[in-house]
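S.K.: sequence first, then the predicted structure, then my questions.
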Protein chains: 2
Amino acid sequence: MIDEQTAREQVVTAADRLFYTRGIQAVGMDAVRAEAGVSLKRIYGLFPSKDDLVIAVLHRRTEQWNTGIATSAEGAKTPEEKLLAVFDFLSGWFRQDDFRGCAFINSYGELGASSAAVAQVARQQKADFQRYVASLVEELGAPSSLAPQLALLAEGAQTTAAISGDASAAAHARSAAQILIAAALGRVPAAA
Amino acid sequence: MIDEQTAREQVVTAADRLFYTRGIQAVGMDAVRAEAGVSLKRIYGLFPSKDDLVIAVLHRRTEQWNTGIATSAEGAKTPEEKLLAVFDFLSGWFRQDDFRGCAFINSYGELGASSAAVAQVARQQKADFQRYVASLVEELGAPSSLAPQLALLAEGAQTTAAISGDASAAAHARSAAQILIAAALGRVPAAA
DNA sequence: TTCGCCTGAGAACGAGCGTTCTCCGGTGCT
DNA sequence: AGCACCGGAGAACGCTCGTTCTCAGGCGAA
């Protein structure tokens, strides 16, 4: 038999793919079982309820997001480049053919009203991201008001890319970010 | 008996309130009946299925959004003021205590994968808004690349305000918009 | 008044869901 | 080998939902 850790990962991976592409409520636990190849009994042994599974999926999405951002920032030398790397990361993500928007926003829209835990995880992820941006802005020596502005661009790019199916939202966000950064640093920004 | 038009409005109003606050799938048709005070039979006479009702609700949201934006722009004299009025409109909206994010984004996250009609209406609304912003940008004589940037800010503000519960997102978006507009016009923007 | 007709209230139906239970075959220990 | 346990397959259960059907009551026309 596969060990517990592997089973957990298989279930979360399968659930993530199904939830993300079809919506959480539209996916039954039996579909997760089929996709994961793990028996229903085992799944309920690992995750006491579907809600717990949803939370586990969102937690893994948080980690993936964080490492994705970190990886994208690796080649960047200055804080400014690291900030812009966020939008490069988004650009690559938007171009994946299974892209269907930010899982946190989607989950919040679907379950945020009925599940406090889901709302909490989504809020947490957004707060973490805001903190990350804020730390880079501080490192850059720019006024702290720049941070929420850049975060707004990243959020907007995600929903625009999802709904309008316009992957170039990342590029627009990136150039807007450049302008805002330049302005915050007192440089004369190059008009887009 | 109440006439058809009134019944339609009562049903859509009730459904909108319930769908928006609790999520669409979490609200049964019987709850709509109770809230609207219109019999189930009548509802199904007016809207052949729940999907049709959802679409009707989203259509009315579109109208409300458009008139809200237009009203907010009424006092504005220049295209620039009209653009900024969008964010003032958002600010007022975010502060309503029943605010729970953009209904189109929420609906898309919940049903966009399973209902093509819902996805279509959401996409349409976003496209209309983009066109509105683009027309103002053109009127302003700014490069057209400014339009998607401003739209991005508005979208981001909505999701941020919803998930983080941070109504000041509108203010952040507004000042970012001012900077982007100034830069696009070749003026030296005032750092936030 | 009497007869249709229409409407509202709500029961009914069929499907799908989350969750639990049953049963059976295999596995490891003695 | 014999036995106790464990996990998988999937049936079962209780519930909710979208949608339809039934039925009784009220209203207008003759």
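M.R.: Okay, I see it. Numbers count the residues shown, from 1 in each chain, chains lettered A, B, ... in the order given.
S.K.: stretch A:66-86 spans what distance, first to last residue?
M.R.: End-to-end distance of stretch A:66-86: 10 Å, with Cα to Cα, to the nearest Å as the criterion.
S.K.: now swap in stretch A:34-53 and tell me
M.R.: Using Cα to Cα, the end-to-end distance of stretch A:34-53 comes to 15 Å.
S.K.: close to DNA strand D, is it?
M.R.: Yes. With Cβ under 7 Å from any atom of the strand as the criterion, DNA strand D is reached by stretch A:34-53 at A:38-42. Quick note: C-beta positions are derived from backbone N, CA and C, even for glycine.
S.K.: give me the buried subset of the residues you listed.
M.R.: Using 16 or more other Cβ atoms under 10 Å in any protein chain shown as the burial test, the residues of stretch A:34-53 next to DNA strand D include A:38, A:42 as buried.
S.K.: dump the residues of stretch A:34-53 next to DNA strand D to CSV, plus distance to residue A:184, pLDDT and secondary structure.
M.R.: Shown next, in CSV, are these (distance: Cβ to Cβ, whole Å; pLDDT from 0 to 100; DSSP: H, G, I helix; E, B strand; the rest coil):
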residue, distance to residue A:184, pLDDT, secondary structure
A:38, 50, 94, coil
A:39, 55, 92, coil
A:40, 53, 95, helix
A:41, 56, 94, helix
A:42, 52, 94, helix
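S.K.: residue B:24: which of the residues of stretch A:34-53 next to DNA strand D is nearest?
M.R.: Using Cβ to Cβ, residue A:40 comes nearest to residue B:24 of the residues of stretch A:34-53 next to DNA strand D, at 27.5 Å.
S.K.: enumerate every residue touching the closest one.
M.R.: Shown here is residue A:40, whose contacts under the criterion Cβ atoms under 8 Å, 6 or more residues apart in numbering or on different chains are A:29-30, A:33.
S.K.: distance check, the closest residue to residue A:155 other than its chain neighbours against residue B:78.
M.R.: Among residues not flanking residue A:155 along the chain, residue B:156 sits closest, at 3.8 Å (Cβ to Cβ, 6 or more residues apart in numbering or on different chains). From residue B:156 over to residue B:78 the distance is 24 Å, taken as Cβ to Cβ, to the nearest Å.
S.K.: who has more neighbours, the two?
M.R.: Legend: neighbour count by other Cβ atoms under 10 Å in any protein chain shown for residue B:156 and residue B:78, higher for residue B:156 (28 against 11).
S.K.: so residue A:120, which of the three states?
M.R.: The three-state label given to residue A:120 by DSSP: H, G, I helix; E, B strand; the rest coil is helix.
S.K.: run through the residues that contact it.
M.R.: Applying Cβ under 8 Å, 6+ apart as the definition, residue A:120 turns out to have no contact partners.
S.K.: ok, now the one 5 residues further on?
M.R.: Contacts of residue A:125 were listed using Cβ under 8 Å, 6+ apart, and they are A:58, A:61-62, A:65, A:104.
S.K.: contact residues of chain A facing DNA strand D?
M.R.: Proximity of chain A to DNA strand D is confined to A:1-2, A:38-42 under the rule Cβ under 7 Å from any atom of the strand.
S.K.: tell me the contacts of the residue nearest to residue A:11 when sequence neighbours are not counted?
M.R.: Across the structure, with Cβ to Cβ, 6+ apart as the measure, the residue nearest residue A:11 apart from its sequence neighbours is residue A:36 (4.6 Å). Contacts for residue A:36 were tallied using Cβ under 8 Å, 6+ apart; they are A:10-11, A:13-15, A:43.
S.K.: could I get the residues you listed as JSON lines with secondary structure?
M.R.: Written out in JSON lines, the entries for the contacts of residue A:36 read as follows (three-state DSSP):
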{"residue": "A:10", "secondary structure": "helix"}
{"residue": "A:11", "secondary structure": "helix"}
{"residue": "A:13", "secondary structure": "helix"}
{"residue": "A:14", "secondary structure": "helix"}
{"residue": "A:15", "secondary structure": "helix"}
{"residue": "A:43", "secondary structure": "helix"}
